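[1] this one's sequence-less:
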């Protein structure tokens, strides 16, 4: 019988292994040049599926990955994380078998939609299971698990380059050679072996956290009640002394009326306590939440567009093949480890200043990326700076939601935000569908980065404060001022009565 601590460590290993598998969803854009060549030769030298169509495959999976975590969370509560881990493993195996045996476009879309379901069913759920085992190390668990997700793309892209094109041979015109193209299947075999090995291990090591049952005793506390009663009596005596010094005879009744009015106001259903979370419906329908959704959508459009096209655009510009392979690895590493740096920056400087830097950096990179592709070194620098903005948004945006709307509402609100993030992933392929030659990439990048200007303006004018708190404090201050005003009025009336009697 395993103890809780051992189950926790095994569940952490399970989460790491599963994130290494589902994170490979983001590797597909790096493999598009190889896969396009494979489809060309597989289809008897006929271009049945265009490059622009291939740009839609990974975003379709990313859309599902971002859209369904909330639904999968409900399934997690009912069946447990182990069932979801098994489901994810089967989905990934089915997805890659479809890619291996079929070349029809609609089947490829189905394959990566299945991949998206696998990612959505385990991305947050495995992490939440680890949080339950290690409640005091949530940040550490998040860093370990999400780093595994980011490293997946780096690991499998490196493996793919080593298997498919180890000598960094350039394309022969529009496509790689037939020998290189067919090595794409060798890579798929290696990845399928990884799924078959790591998936069942992850399922076996996953232990759903079992909540400890506790007995709640209904115990009355007479002493506390007596203390409260004595305290009220002392407060009443203090008011009596104050009134007697001013010759007020009916102070007890007056103070009682004031306290009754105050208590009545506190019990009003229209007033909220500062510590009470704002109703979810009110948050979702608020203008502030709409602004947050707009920021997320407008920022991520270019982030997803860049991830989906930077490697193929560099290849089309005939940049150094070895340099492009290195860029793919550095890109994924920066996307992974810069998130830790952004977390430290966010802790120190909060949201607004770091996010303004993110958006400004993205606007500059979006404006320069096309022109930088005239040289591998300048292109390398611009792409690396651009991915820093994407990674920064992933870390800072949840912080904005926590700060403005509270932890209680954040899970559902981030799930809703995920739907908009998934929609942003589909905007990039729509833009690239209009690309007919290399010059059209300039328009696609400029249009894709222009919504970041909206994010910049919204961030500048957004107030980073808890939603509804300002109104609540104002109401409480008004109540306090009303009570003080009544006391002053009573005191003034009493003084005037005393002067008249004299």
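    Good, I have the coordinates. For clarity, every value in this text was computed on a predicted model and none was experimentally measured.
[2] Where does pLDDT dip in the chain?
    1, 139, 212-277, 407-411, 469-502 (pLDDT under 70).
[3] who's in contact with the one helix or strand residue 9 maps to?
    Element membership of residue 9, judged by DSSP states H and E, is helix 4-22. Contacts of helix 4-22 with the rest of the structure, by Cβ atoms under 8 Å, 6 or more residues apart in numbering, involve 2, 65, 81, 85, 88-89, 92, 115, 118-119, 122-123, 126-127, 129-130, 133-134, 141, 144-146, 148-149, 151-152, 155, 194-195, 198-199, 201-207, 209. Placement of C-beta: from N, CA and C, glycine included.
[4] Residue 450 - how many residues pack around it?
    Counted by other Cβ atoms under 10 Å, the residues lying close to residue 450 total 15.
[5] which residues of the stretch 251-400 of the chain fall in helices?
    251-266, 280-284, 287-316, 321-349, 352-372, 376-405 (DSSP state H, counting those that start in this stretch).
[6] what comes up buried for the fourth one?
    It stands for helix 321-349. When burial is assessed from 16 or more other Cβ atoms under 10 Å, helix 321-349 yields the following buried residues: 321, 323-325, 327-329, 331-336, 338-339, 342-343, 345-346.
[7] coming back round to it: now tell me what touches the following helix or strand past the helix holding residue 9 from outside.
    Sequence order places helix 28-42 as the next helix or strand after helix 4-22, per DSSP H and E. Helix 28-42 has contacts (Cβ under 8 Å, 6+ apart) with 46-49, 51, 54-55, 57-58, 61, 103, 112, 153, 157, 160, 164-165, 171, 175-178, 180-185, 187, 307-309, 311-312, 315, 328.
[8] now helix 28-42, how far from the centre of its chain.
    Offset of helix 28-42 from its chain centre (Cα atoms, centre = their mean, to the nearest Å): 30 Å.
[9] Repeat that for stretch 96-103.
    On the basis of Cα atoms, centre = their mean, stretch 96-103 sits 31 Å off its chain's mean C-alpha point.
[10] Stretch 5-18 too?
    Stretch 5-18 sits 22 Å away from the centroid of its parent chain (Cα atoms, centre = their mean).
[11] out of everything not next to it in sequence, what's closest to residue 334?
    residue 387 (5.2 Å; Cβ to Cβ, 6 or more residues apart in numbering).
[12] tell me which element residue 108 falls in.
    Under the criterion DSSP H and E, the helix or strand holding residue 108 is helix 105-122.
[13] Just the buried positions in that helix, please.
    Across helix 105-122, burial judged by 16+ other Cβ under 10 Å covers 105, 108-122.
[14] helices and strands around that helix, which ones?
    Counting contacts by 3 or more Cβ pairs under 8 Å, 6 or more residues apart in numbering; DSSP states H and E, helix 105-122 packs against helix 4-22, helix 57-67, helix 69-79, helix 81-101.
[15] Tabulate these in a markdown table, adding columns for mean neighbour count.
    Below are these laid out as a markdown table (neighbours: other Cβ atoms under 10 Å):
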| stretch | mean neighbour count |
| --- | --- |
| helix 4-22 | 21 |
| helix 57-67 | 24 |
| helix 69-79 | 15 |
| helix 81-101 | 20 |
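[16] In TSV: these, plus distance to residue 350.
    TSV is the format used below for the helices and strands packed on helix 105-122 (distance: least, Cβ to Cβ, whole Å):
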stretch	distance to residue 350
helix 4-22	28
helix 57-67	25
helix 69-79	26
helix 81-101	33
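[17] what about these, which gets the closest to residue 420?
    Among those, helix 57-67 comes nearest to residue 420, with 8.4 Å by Cβ to Cβ.
[18] Can you spell out which helices and strands pack onto that closest one?
    Packed on helix 57-67, when contacts are counted by 3+ Cβ pairs under 8 Å, 6+ apart, are helix 28-42, helix 105-122, helix 287-316, helix 407-432.
[19] now do 6 Å
    helix 105-122, helix 407-432 (3 or more Cβ pairs under 6 Å, 6 or more residues apart in numbering; DSSP states H and E).
[20] can you pull the buried residues of the longest one?
    The neighbour-count criterion (16+ other Cβ under 10 Å) identifies 409-410, 413-425, 427-429, 431-432 as the buried residues of helix 407-432.
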